[in-house]
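Colleague: okay, here's the prediction I keep looking at, along with the sequence it came from:
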Amino acid sequence: NLVLFRYFGKTRQNSRPDLQVPEFVSDIARSMDLATDGKSVSVQAKMQVLAIMNAIHNFVSGKSFFLSMLNLEKEEYIREVKKTLKFILIPPFKATAGTVA
């Protein structure tokens, strides 16, 4: 939402941020066992969730550019994005499994 807000906010004067994003980030952190409840989520846990969200959004918003750059078809691109996100995002959480930030 932040990326889209900054992008569209430059052309639309009445845009405002999605105020539910912090609540969603805390809920996601809690569901990932990065926090014990949605009210006391650490900055580190929120940043970890935001990093995951940004990685996903970057691959989605850059799809047309990346497709031509990588010379891939859409279905192959989706498969490769999933593998890449697993490679980047899963190991850090396996290493800290069972710990609450």
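Modeller: The structure has been received and is ready for your questions.
Colleague: any idea which helix or strand in the chain has the lowest mean pLDDT?
Modeller: helix 2-9 (a mean of 55; mean pLDDT, DSSP states H and E).
Colleague: name the element the residue most central in space within the chain belongs to?
Modeller: Centroid-nearest residue in the chain: Met53, 0.5 Å away (criterion: Cα atoms, centre = their mean). Using DSSP states H and E, Met53 falls within helix 43-61.
Colleague: from the contact counts, what lies against that helix?
Modeller: Packing partners of helix 43-61 (3 or more Cβ pairs under 8 Å, 6 or more residues apart in numbering; DSSP states H and E): helix 2-9, helix 21-31, helix 74-95. C-betas here are computed from N, CA, C, even on glycine.
Colleague: mean neighbour count and distance to Gly38 for those - can I get that in JSON lines?
Modeller: Converted to JSON lines, the helices and strands packed on helix 43-61 look like this (neighbours: other Cβ atoms under 10 Å; distance: least, Cβ to Cβ, whole Å):
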{"stretch": "helix 2-9", "mean neighbour count": "13", "distance to Gly38": "20"}
{"stretch": "helix 21-31", "mean neighbour count": "16", "distance to Gly38": "4"}
{"stretch": "helix 74-95", "mean neighbour count": "12", "distance to Gly38": "18"}
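Colleague: where does the protein have low pLDDT?
Modeller: Low-confidence segments of the chain, defined by pLDDT under 70: 1-22, 95-101.
Colleague: so Asp37 touches Asp27, yeah?
Modeller: No. Using Cβ atoms under 8 Å, Asp37 is not in contact with Asp27, being 10.1 Å away.
Colleague: distance between the helix holding Met53 and the chain's centre?
Modeller: Chain-centre distance of helix 43-61: 3 Å, with Cα atoms, centre = their mean, to the nearest Å.
Colleague: may I see the buried residues of that helix?
Modeller: 45-46, 48-49, 52-53, 59 (16 or more other Cβ atoms under 10 Å).
Colleague: ok, residues contacting the helix or strand following that helix?
Modeller: Counting by DSSP H and E, the element after helix 43-61 in chain order, helix or strand, is helix 63-70. Applying Cβ atoms under 8 Å, 6 or more residues apart in numbering, the external contacts of helix 63-70 come out as 59, 72-74, 77, 80.
Colleague: if anything else comes up later, I'll come back, but that's it for now.
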